[in-house]
Every structure is written in C-alpha cells, then in structure tokens.
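Peer 1: What follows is a protein structure lacking sequence information:
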Ligand SMILES: Nc1ncnc2c1ncn2[C@@H]1O[C@H](COP(=O)(O)OP(=O)(O)OP(=O)(O)O)[C@@H](O)[C@H]1O
C-alpha cells in the first residue's frame, strides 16, 4: 500500500536562500547567495559542486541543523519532523552487534503499544535483508567495513520510515561497486515515495545517471538544476561542448570549477530555467513554461508503461538500463503497514532503554570495568603495604594524613580523566541520535548519570575499604561510613567536573586543564599548605577546592569525635600525636564541620552536573 505523497513526503522548496557567516577576522562571508530550488518527493537529488561551494551548508540549513545567519524561504513544513539526517561519518557504539543496534533503535523509535517486539524483530530482519546486512547481523559495529557502516546508518534511520532522508556524502570512502550499490538503494527508497537528498563528489557515469535531479552549487550559487541526461545539452547552450566518451558529471564539475574560463555567471543565469529538470521529450523546443504536474505525471506513466513492455520483451535489455535501479526494495506489505502507524514510546521508556544500553556498554568495555576495578584493587593494596599500621601508630600520623590525601587525589584523578575523554568520542553518536529524534538529550544525560553514579560508588567503596582495612584505621562503623561517604562524594564531584571539561574542551586541552586544576585543588586541600597559613585574601580559592572538603572530612572522621589514644611504640620516648585531637590541631581542622563540608561538595556536584548538561547541549546543537 503506497502512501499519498502529500502526506508521506512533502517536497522541499527553498527560494532566495542566503547564508552568511562571520569568520575569525570579523568579516562577513556569503556562503549561499540567494539560491532557489525544489526537491520533490519520489526523487533522488544529488547536490554537487566543488569543495567549499556550500553543499554541506545547504544540507545543514534544510535539515534545521543551521539556523543562524540564514534568510530566505524554506517550505518544508511538518516534513522537518519526518526528516532523517545521515551524516558523513558513521558513528556507532562499538561494543554492540548490528542486530542489537537495530533492535535498540527500533525500541527507542517505536512504541511497544503499536508494534510488538516480535514485529520489531521482523522489521529489523527485513531492513537488514534489504540492505544486505543479514550476514553481518552478529558482527560488532566496530568490525564493520566502510560500506556496511554506511548501510547500517541508512537501515537505522529507515526503522521509523522517514519521509525525507538527507545524506551527507554517502559514498565517501566506499569503492566504486559499494558506491553504486548505495546510490542504487537510495534510488529504490526514493521510488517508494520518499524525498531523498544527498551531497556527492565526482560520481561515475553509472552513479550519476541514477539520480533524478542534479543540483550544482558553485561559490554559493546554483549553476545547474536538472536531470543527469540534460547535462550535456545544458552545457552546450552556453558553448561548452562535452567531449565524446567523457563523464558528463566530471565535465560539469570542470566547467563550474572554471577549468575552461569562468562561466559561473552564464551558468547561473541558464540554471534559472527550471525546464532542465524535465525529460527533453516532454519539452517542446519553443516552450518557455515548464510542463504542468499533470503533464509530467502522464509522461512518467507512459514512460514506465513502455519500459515495462520493453522489459517484458527483452529482460536482459531492461536490466542494463542504468537509470532504473536493479535492486528494488522487497515488498513486505505487512511491515510497511506496521511502520506506517508508528509513534514513539514515552520518554521514561526511552530513559529505561538508555540505562540498559549504558549498563551493557559498561560491562562489555573491559577497560571501563575489569581494568579499572583491577587498578583500584592493586593501587589500594600497594598503598596499604606502603603505609602499614599508619592508622594506629602515633609516630606515623603525618604519613597517615598524607595517605588520606593520596586516596583523595587518586579517586579524583582516575574519575575526572575518563569524563574528559569520554564525551569527545561519544558526542557524534549523541548528535546523530538526538537530531534524528531517537530520544531527548536530557533523557540521555539522566540515563548516564543514573548508570555512572552506582559505578563510582562501588569502585570507590572497593578502593577505600581495602585501604582502610590494610592500614589499621579505627574499627568503628560510624568513622568508616563517614570516611567512605566523603570519598564517594568527591569521586562523584570529579565525574561532574570531568564531564563539564569534556564537553567544552578537546581531549588534549581537557587533559591539560584537568591535570592543572587537580594540582591547584591539591595545593589548597589543606595538607601541602595548611589552611591557616594561606593569606586571608586567598581563602576563597581554597574554599573552591572539593579536595579540601573531602580531605578535611576524612581527617575529622578518623581523628574527631573523642577518639581513643593512638598507640605509641614502646621504643619511642615521646609521641607527639598520641592524642587524636593533636592531629586535628596540627592541620587547623579542630573546628571543621563534617555536615558543612559534605554540603559544599554536594553543591559543587549539582553545579558541575548542571553546567555539564548545558555545555553538552551547546556542543550537540553546534553543527
Ligand atoms: N560557520 C562557518 N564559519 C565560517 N565559515 C563557514 C562556516 N560554515 C561554512 N563556512 C564556509 O563556507 C564555505 C562552504 O562550506 P561547506 O562546508 O558548505 O562546503 P562544501 O561544499 O560542503 O565543501 P566540501 O565539499 O569540501 O565538504 C567554506 O568556505 C566554509 O569555510
């Protein structure tokens, strides 16, 4: 059952479209200079042109990714909600198989109420079969070839049957055969009634002829809009004769590149004639007006009738026609019916699914789990062996406070770095998925918080418990709980700051800023320089350091609340730190308040998490 094009895939019209940017030298630059065009439903359109002509800019504007600096009219209406944008690079979570990726996308895009899990499996199988990915079903995404990745990107967006599909350079990095297959597939999808627009560089003749419309940009101006078959005749009208056996696509690009003098002005003028987008048989030599829709429909019908007749007479001849795709989407009416009436699941359901994905990813990435846990255990044991009985031995109390500081810095550093390094890698996936309405960014953000927080709690608990036990700290539950709580909150705070830095800086700068900020926080933690020794005017800087509050709290937990005397070894004549209160006085912490310190760290956690959300949002929205 075919959808009516009006409902299914509205055409995209834009008129006098301008796009201006301000570059670094504050100069205005006109990227698109008042272009006009129409991309129709049921058609596969190629946007071509030299590098820097404005192809990606046009695509980003039509998809709604770029909004500032744009003027003119774009008639896309509600279609923008029905759009899918397949970006140039294919990004997937590497630890999931093709089937898992597809099933998760189906679960995120289609509510269980309208399509059951069994039906979703059938839909996924159908799409994988159509895109020749069935054999790679159980392959992890990181192991796919370039062509398979591209086809998976397309399959993922076809799950909810978008009416309009934009693709940025879908053949980049593919060999000629895979490129041909990909464009042929897109043509099949367009034949079903979708509006498909893609940018492409130097297509071969076979690929070029698969397009219904070629839209050429040169220095922000439209220099051709017509069928591939009309290209040679179009160029001839301005005196550019395409040599025999020369690829018309290459010749067209050579002409717009200015390889045979600058013809941009003549080409721009000539391209205003919209009749080049119609079959020349349809045009009368002296016609000035383009044919009406009814004329075009009638012509197309008669064409397809005569074609099917000739194919019936000579099947092999029909197969050789390059403008008709060989591969047609297998008809699966029940599946099409299913996807016709779909609607997305509620956002809480998507949250649940994303939490599941985060957990699965966490357990499959051994560097995140086993390696990190192993390092935590090893480090805790090493520190335990080095510090021995420092928790009870009155002669080792400066070392014991030093060990607390090492614990704080270790947890801080090992948590802040993954946060800094994670988002630059993940941002492209989030960008793609949120832009194509898989879920809202806030849902994703909450899911990562819900998943990462228990992990930080478990890891820091393992690390702290081993360190606490091995160094003979007081065996009192309330002291241990307070000590652990302080370590856990500072770990979560480090995660917040890491995510914040990861969303505003690239990995190199993020690593540098993360390391430098840790050094400063360490300096003001109250161990290397006592808080009482810091000039009063600089106290506010110390007040910003979460490490300071954590260290203070861990020291209070061990030495505060009238702790019994520590053990002074018999061979020692005098133990200065025999009374626990002496340790607190030594570090100027006898009046510190545990509750206040916890509140200060919690406040910073909230601050970093909110800031990180907005910086992540800004990063995702920036094209
Ligand atoms: N936000 C921006 N700030 C400054 N310049 C920009 C911006 N966006 C686009 N441009 C400039 O506009 C021109 C067109 O860029 P665009 O990416 O659209 O070209 P393109 O045709 O897609 O090129 P390519 O084929 O190489 O990808 C380029 O010169 C680019 O530097």
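Peer 2: The structure has been received and is ready for your questions. Here the structure is a predicted model, which means the values were calculated and not measured.
Peer 1: Leaving out sequence neighbours, find the closest residue to the residue of the stretch 401-550 of the chain found nearest the ligand.
Peer 2: Relative to the ligand, the nearest point of the stretch 401-550 of the chain is residue 431 (15.9 Å; CB to the nearest ligand atom). Quick note: C-beta positions are derived from backbone N, CA and C, even for glycine. Nearest residue to residue 431, sequence neighbours excluded (CB to CB, 6 or more residues apart in numbering): residue 620, at 5.1 Å.
Peer 1: thought the residue of the stretch 401-550 of the chain closest to the ligand was touching residue 618?
Peer 2: No. In this structure, residue 431 is not within contact of residue 618 by CB atoms under 8 Å, at 11.7 Å.
Peer 1: and the two? which has more neighbours close in?
Peer 2: Neighbour count, other CB atoms under 10 Å: between residue 431 and residue 618, residue 431 has more, with 20 against 11.
Peer 1: Residue 57: helix or strand, and which one exactly?
Peer 2: Element membership for residue 57, per DSSP states H and E: helix 55-63.
Peer 1: counting contacts, what elements does that helix pack onto?
Peer 2: strand 12-22, strand 28-39, strand 44-48, strand 70-75, strand 83-86, strand 164-167, strand 195-199 (3 or more CB pairs under 8 Å, 6 or more residues apart in numbering; DSSP states H and E).
Peer 1: Work out the sheet partners of the last one and label each with its direction, please.
Peer 2: Think strand 195-199. strand 44-48 (parallel), strand 164-167 (parallel) (DSSP bridges).
Peer 1: Kindly calculate the angle that it makes with strand 12-22.
Peer 2: 30 degrees (axes from the mean of the first three to the mean of the last three CA atoms, to 10 degrees).
Peer 1: List the contacts of strand 195-199.
Peer 2: Applying CB atoms under 8 Å, 6 or more residues apart in numbering, the contact partners of strand 195-199 are 9-12, 39-48, 55-56, 59, 62, 79, 163-170, 186, 189-190.
Peer 1: Next: the second one.
Peer 2: For strand 28-39, the surrounding residues in contact (CB under 8 Å, 6+ apart) are 11-23, 45, 54, 57-58, 61, 72, 195, 197, 213, 215, 217, 219-222, 225, 272, 274.
Peer 1: Type out the ChimeraX command that picks the buried ones from those residues.
Peer 2: Those of the contacts of strand 28-39 that count as buried under 16 or more other CB atoms under 10 Å are selected in ChimeraX with:
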select :11,12,14,17,18,19,45,54,57,58,61,195,197,213,215,217,219,220,221,222,225
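Peer 1: and the ligand, which of the contacts of strand 28-39 reach it?
Peer 2: By CB under 6 Å from any ligand atom, the members of the contacts of strand 28-39 lying near the ligand are 21, 23, 54, 57.
Peer 1: Please report how far the second one lies from residue 618.
Peer 2: Right, residue 23. Distance, residue 23 to residue 618, using CB to CB, to the nearest Å: 20 Å.
Peer 1: For residue 441, list the residues it contacts.
Peer 2: Contacts of residue 441 by CB under 8 Å, 6+ apart are 430, 434, 616, 617, 620.
Peer 1: Filter those residues down to the buried ones, ChimeraX style.
Peer 2: In ChimeraX, a selection of the buried entries from the contacts of residue 441 looks like this (16+ other CB under 10 Å):
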select :430,434,616,620
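Peer 1: Now flag whichever of the contacts of residue 441 is closest to residue 392.
Peer 2: residue 616 (46.0 Å; CB to CB).
Peer 1: Which residues are in contact with residue 517?
Peer 2: Here residue 517 is in contact with 497, 501 (CB under 8 Å, 6+ apart).
Peer 1: host element of it?
Peer 2: Per DSSP H and E: helix 507-523 holds residue 517.
Peer 1: quick revisit: if I take the helix holding residue 57 and strand 70-75, what angle do their directions form?
Peer 2: Using the same axes, to 10 degrees: helix 55-63 against strand 70-75 is 60 degrees.
Peer 1: Start and end of stretch 154-173, how far apart?
Peer 2: Terminal residues of stretch 154-173 lie 16 Å apart, using CA to CA, to the nearest Å.
Peer 1: Please see if that stretch touches the ligand.
Peer 2: No. Stretch 154-173 lies out of reach of the ligand by CB under 6 Å from any ligand atom, never closer than 7.3 Å.
Peer 1: Buried residues, that stretch. List them.
Peer 2: So for stretch 154-173, counting by 16+ other CB under 10 Å, buried means 154-171, 173.
Peer 1: cool, and stretch 240-249?
Peer 2: Applying 16+ other CB under 10 Å to stretch 240-249 flags 240, 242, 247, 248, 249 as buried.
Peer 1: Close to the ligand: what parts of this structure are there?
Peer 2: Counting by CB under 6 Å from any ligand atom, the chain sits next to the ligand at 21, 23, 29, 31, 49, 51, 52, 53, 54, 55, 56, 57.
Peer 1: farthest pair in those?
Peer 2: 23 and 49, at 20.0 Å, using CB to CB across the residues of the chain next to the ligand.
Peer 1: Please enumerate the helices of the stretch 51-200 of the chain.
Peer 2: With DSSP state H, counting those that start in this stretch, the ranges of helices along the stretch 51-200 of the chain come out as 55-63, 98-109, 117-130, 146-158, 176-191.
Peer 1: Can you give me the neighbour number for the residue nearest to residue 411 when sequence neighbours are not counted?
Peer 2: Among residues not flanking residue 411 along the chain, residue 491 sits closest, at 4.7 Å (CB to CB, 6+ apart). Neighbour count for residue 491, taken as other CB under 10 Å: 26.
Peer 1: what helix or strand does residue 491 sit in?
Peer 2: Residue 491 belongs to helix 477-504, assigned by DSSP H and E.
Peer 1: Could you figure out how far that helix is turned away from helix 507-523?
Peer 2: 150 degrees.
Peer 1: Check which helices and strands helix 477-504 is in contact with.
Peer 2: helix 397-435, helix 441-470, helix 507-523, helix 546-559, helix 594-621.
Peer 1: I'd like those as TSV, with mean pLDDT and distance to residue 530 appended.
Peer 2: Listed next are the helices and strands packed on helix 477-504 as TSV, based on pLDDT from 0 to 100; distance: least, CB to CB, whole Å:
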stretch	mean pLDDT	distance to residue 530
helix 397-435	91	11
helix 441-470	95	24
helix 507-523	89	12
helix 546-559	94	11
helix 594-621	94	17
